[in-house]
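J.: Sequence and predicted structure are below.
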Amino acid sequence: MPDVEIRTDSSPPLDSPTPDPGEYRLSVKDTAEFRIAGGSRISVLPKSGSVSRRLRLFLTRSAWGALLYQRGLLPLHAGAIQTESGAVLLCGRRGDGKSTLTAFLCDRGFHLITDDLCCTSAAGPEIPIVFPSVPRFKLWTDSIRELGWERTDSVPDQIRAEKLHYFRTARAVPEPQPLRSIYLLSWGELRIERVAGFTALNRLFRAGTWRGDLLMSACDPASHFRRCAELVRQAPIWEFWRPWDFRVLCSPTDAFVAHLTQNRTDSKLSPRGCVNLSALFRCCAVCREYNIVTEEG
């Protein structure tokens, strides 16, 4: 019996707009209708004239993200690389340069775990695990040019013509990795600073929540908030600012690699920096106040 079943369905769309209990429905114009149920099944109803590449894009991103939410996992808007001591996440909103920085680090010798949609586990006292995904980057054409990569290894994005999906199977990590640390990306003067406690939780929740509409429809927001808190308890959180300029990308990448080397063994948070989980039940209402990013990538 497969862990997850993905199948095409030729039956017509249901007349009822209300999903069955435990089911999430996603309808993409001119592409397909997806029905995600119980965290174990995705039914795909292709629409007439749909393009297979576009269908796979929504299957491996939006539909898969909804399934991860249903399974009680924690999908984050992040790239992830493998280091000697575990996975390092590069987390941020759309346009924060996650894929570009991840690609530059892989070009320096690091191995790719995932890009853009990062699946993690965050359950209790166990060390969080980061799961590998499709070995590809979603990059702007400018990024590929600066990297000096051949565009023949890429295919056009079906949503934004200026972006390309670039496959790098030789640098892919096949096995899940323990989480080492998380970097929250922003644009600004080059610096890296540690954040902890509710400040870290607030910023991780804002920057890392994958598809806020999926969160509200396919998952209990309070459970998602609690899983984010577990990550903050288990892994150091850093904020990484760097200038928005392709001409100086090497300098922030060098600074990042140096910081990873200096912090090869991350210490546990002090009690002052920890998140008090008992306080979450008084703070879960803040979920509705947060400006959760709702986006397709």
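T.: Sure thing, it's come through.

J.: which residues touch Trp244?
T.: Contact analysis of Trp244 by CB atoms under 8 Å, 6 or more residues apart in numbering lists Gly97, Trp187. The C-beta positions use only the backbone N, C-alpha and C, and glycine is treated the same way.

J.: I should have written Arg242 there, sorry.
T.: Contacts for Arg242 (CB under 8 Å, 6+ apart) come out as Gly97, Leu185, Trp187, Gly188, Leu190, Ser251, Pro252, Ala255.

J.: Now do it against Phe256, distance only.
T.: Arg242 sits 8 Å away from Phe256, going by CB to CB, to the nearest Å.

J.: just to revisit the earlier point, can you tell me which of the contacts of Arg242 end up in helices?
T.: Judged by DSSP state H, the subset of the contacts of Arg242 located in helices is Ser251, Pro252, Ala255.

J.: from the residues you listed, which would you call buried?
T.: When neighbours are counted using 16 or more other CB atoms under 10 Å, these contain these buried positions: Pro252.

J.: Closest to Ala80 out of the ones in helices among the contacts of Arg242?
T.: Pro252 (17.9 Å; CB to CB).

J.: how far away is that closest one from Cys106?
T.: Using CB to CB, we find Pro252 at a distance of 15 Å from Cys106.

J.: Could you dump the ones in helices among the contacts of Arg242 into CSV and include pLDDT and distance to Cys119?
T.: Below are the ones in helices among the contacts of Arg242 laid out as CSV (pLDDT from 0 to 100; distance: CB to CB, whole Å):
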residue, pLDDT, distance to Cys119
Ser251, 79, 31
Pro252, 85, 26
Ala255, 88, 28
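
J.: could you pull out the helices for the stretch 51-200 of the chain?
T.: All helices of the stretch 51-200 of the chain, identified by DSSP state H, counting those that start in this stretch, fall at 52-58, 64-70, 98-107, 141-147, 197-208.

J.: Quick one: list the elements packing against the second one.
T.: I take that to be helix 64-70. In terms of contacts (3 or more CB pairs under 8 Å, 6 or more residues apart in numbering; DSSP states H and E), helix 64-70 is packed against strand 23-28, strand 32-37, strand 74-83, strand 117-121, helix 212-218.
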